[in-house]
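Asker: Provided below for reference: sequence and predicted model.
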Amino acid sequence: MESQGTRGEAAPPHLDSIECLVADTEDAAGNGPGDLPDLEGGSVTSEDESSDLLSSGAASSQAHELVRSLAEDDGADQTSEYGLPIDLVSLHAPAAFPAYSIYHGGGEHFTTKRKETPRMARRSSADIDYVWENGRRYCGEYFMPNDPAEQERLLLLHTVYMGMFDGELTTAPLDNPTHILDVGAGTGEWVEDMADLYKDCEVTGIDIANVFPKSVHPNVFFEIDDAEMHWERPNDHYDLIHFRNMVGAFRDWSAVYEQAFRVAKPGGWIEVLDMNEYEGFGNFFSNFEPASVIHRAGRDLLQGSLMSGRPRNVAHLEPRLLYDAGFVDIRVTDHALPLSPREMSTGYLCLHSVAEGMEATAMRILTRYMGWTAEEVRRVSEAIRSEMLSIIYNYEKAKGFIIKVRVITARKPETTPRPSPWNPGSEVQALEVDEEVQPIE
């Protein structure tokens, strides 16, 4: 049976990707994954082959309000990419929800009505540690803000991801899931869209900040929770645990993956995907002298994130971490998306998302750990933003100007844990790595 919400065999036509299959048997053991592709690998195209499809029919209408504002700013035809007025596209369709909550209780059947403020907070909203610094609002020690400006950028970023994967919400092969958990749900678009796709499934989104939508599907539950703390969730419960855009979120990713393994159902999946904003920007930085303030900003941002204890790198996308947590059937796929000047293409929206996020990404790290002033961060962020938007229109300079994305899926074994040195008499078997380049159609 073909599952909903998963991609087909062929890669989306606008992305290059390399796929690596690791540990394709449940009892795989031994030394684990061998040579695995890193984010420097993979074929890259400098041409804009981005999909015209901005999102699936389940995408957020709020995100399209942002897309529409971009179109108005650039004088673009609001119907040229869709064939329909933009405000009529990607609205959630009404449907029946026959299931009822098991974990969240209540015993009432889902209805077609959207719920108002339907969240169960493991922490009270009054306990959220909001902090205002340099004109941006933060929560706890997390380096990214959660103020309205950042919430709007997250709405746009969801549209980017939907475009990158041709409207598909997950690459995990789900089959009639009943419980899904989204860690770091943010403004909740992915949660809402998954709940619309799987109407009999409880979809829970957690975040440290209360930036959730006010009106949601009846099978959606938002909770204020910190995934770095102990997960007070039942064992063997979730069909899918999803992480997206979580670079620099946690001090100890291994501990987070171990908790995800515990609460996943036997046979359930974990999916982790993130952009590597530093790879593919070589040609951009080559336009400036090594001693320039733009190079300094890049170096200090990496150093500052290390000093914070939450590195802004892609180390959490290392397959070994999932293998060590107990997962099997680990699949790694690397994608390259060309940033594009073509209005309203996925590459164009991604470019705006990255450019508009420069200050948000840099402000807290550079001012708290590297001695920058807020005004310096704003000035350099604006300079980088302006340069990015100007270089993209220069064909020679824009070659290789891409965003790389890595997606990892892995499965919890159906049976007993894999043999290990702590299990006397167990066989040690080597893992096989099978690399496959998906062609662009």
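Answerer: Thanks, I have the structure now.
Asker: for the rest of this, base every contact and every neighbour count on C-alpha atoms.
Answerer: Will do.
Asker: which helix or strand in this protein has the lowest average pLDDT?
Answerer: Least confident helix or strand of the chain, by mean pLDDT, DSSP states H and E, is strand 433-438 with a mean of 36.
Asker: need the pLDDT of P234.
Answerer: On pLDDT, P234 comes in at 95.
Asker: what's the neighbour count on it?
Answerer: 12 (other Cα atoms under 10 Å).
Asker: which residue packs closest to it, ignoring adjacent ones?
Answerer: Spatial nearest neighbour of P234, chain neighbours left out: V263 (6.0 Å); criterion: Cα to Cα, 6 or more residues apart in numbering.
Asker: look at the one you found and say how many residues are nearby.
Answerer: Applying other Cα under 10 Å, we find 22 other residues in the vicinity of V263.
Asker: and it, what pLDDT?
Answerer: On pLDDT, V263 comes in at 97.
Asker: Y130 too?
Answerer: pLDDT, Y130: 89.
Asker: so who does the closest residue to it other than its chain neighbours touch?
Answerer: In this structure, Y130 finds its nearest non-sequential neighbour in C139, 4.5 Å apart by Cα to Cα, 6+ apart. Contact analysis of C139 by Cα atoms under 8 Å, 6 or more residues apart in numbering lists I128, D129, Y130, V131, P145, N146, I208, A209.
Asker: what's the closest of those residues to P173?
Answerer: I208 (28.4 Å; Cα to Cα).
Asker: quick one on the thing from earlier: pick the one among the contacts of C139 closest to R378.
Answerer: P145 (14.5 Å).
Asker: tell me how many other residues crowd that closest one.
Answerer: P145 has 24 neighbouring residues, counting by other Cα under 10 Å.
Asker: okay, now the unreliable bits of the stretch 1-150 of the chain?
Answerer: 1-127 (pLDDT under 70).
Asker: what's around L366, how many residues?
Answerer: Neighbour count for L366, taken as other Cα under 10 Å: 22.
Asker: now, of the contacts of C139, which are buried?
Answerer: Among the contacts of C139, those classed as buried by 16 or more other Cα atoms under 10 Å are Y130, P145, N146, I208, A209.
Asker: under a three-state scheme, what state does Y393 occupy?
Answerer: Going by DSSP: H, G, I helix; E, B strand; the rest coil, the secondary structure assigned to Y393 is coil.
Asker: how many neighbouring residues does it have?
Answerer: Counted with other Cα under 10 Å, Y393 comes out at 13.
Asker: that older thread, just give me the closest of the buried ones among the contacts of C139 to V380.
Answerer: P145 (18.1 Å).
Asker: I'd assumed N134 was in contact with the closest one.
Answerer: No - applying Cα atoms under 8 Å as the test, P145 and N134 come out as separate, 10.7 Å apart.
Asker: sorry, back to before: for the residue nearest to P234, give me its contacts.
Answerer: V263 makes contacts with R233, P234, N235, D236, H237, Y238, as judged by Cα under 8 Å, 6+ apart.
Asker: just the buried ones from those?
Answerer: Here, 16+ other Cα under 10 Å leaves D236, H237, Y238 buried among the contacts of V263.
Asker: that older thread, against S305, how distant is the residue nearest to Y130?
Answerer: According to Cα to Cα, to the nearest Å, C139 stands 16 Å off from S305.
Asker: can you pull the contacts of the nearest residue in space to N134 that is not next to it in sequence?
Answerer: Closest residue to N134 apart from its sequence neighbours, by Cα to Cα, 6+ apart: A374 at 6.2 Å. Contact partners of A374, counting by Cα under 8 Å, 6+ apart, are N134, M363, T367.
Asker: which stretches of the stretch 251-400 of the chain form strands?
Answerer: Along the stretch 251-400 of the chain, the segments classed as strands by DSSP state E, counting those that start in this stretch run 264-276, 328-338.
Asker: could you tell me the least trusted of those strands?
Answerer: Looking at the strands of the stretch 251-400 of the chain, the weakest mean confidence is strand 328-338, a mean of 91.
Asker: partners of that strand, with directions?
Answerer: strand 16-22 (antiparallel), strand 402-411 (antiparallel) (DSSP bridges).
Asker: now that strand - C-alpha only, PDB.
Answerer: Taking C-alpha atoms only, strand 328-338 is exported to PDB below (Å, rounded to 0.1, in the frame of the first residue of the first chain):
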ATOM      1  CA  VAL A 328      18.000   1.000  12.200                       C
ATOM      2  CA  ASP A 329      17.200   1.400   8.500                       C
ATOM      3  CA  ILE A 330      18.900   4.800   8.500                       C
ATOM      4  CA  ARG A 331      18.500   6.700   5.300                       C
ATOM      5  CA  VAL A 332      20.500   9.800   4.500                       C
ATOM      6  CA  THR A 333      19.500  12.100   1.600                       C
ATOM      7  CA  ASP A 334      21.400  15.300   0.700                       C
ATOM      8  CA  HIS A 335      19.700  17.900  -1.500                       C
ATOM      9  CA  ALA A 336      21.000  21.100  -3.100                       C
ATOM     10  CA  LEU A 337      18.600  23.900  -3.900                       C
ATOM     11  CA  PRO A 338      19.900  26.700  -6.100                       C
END
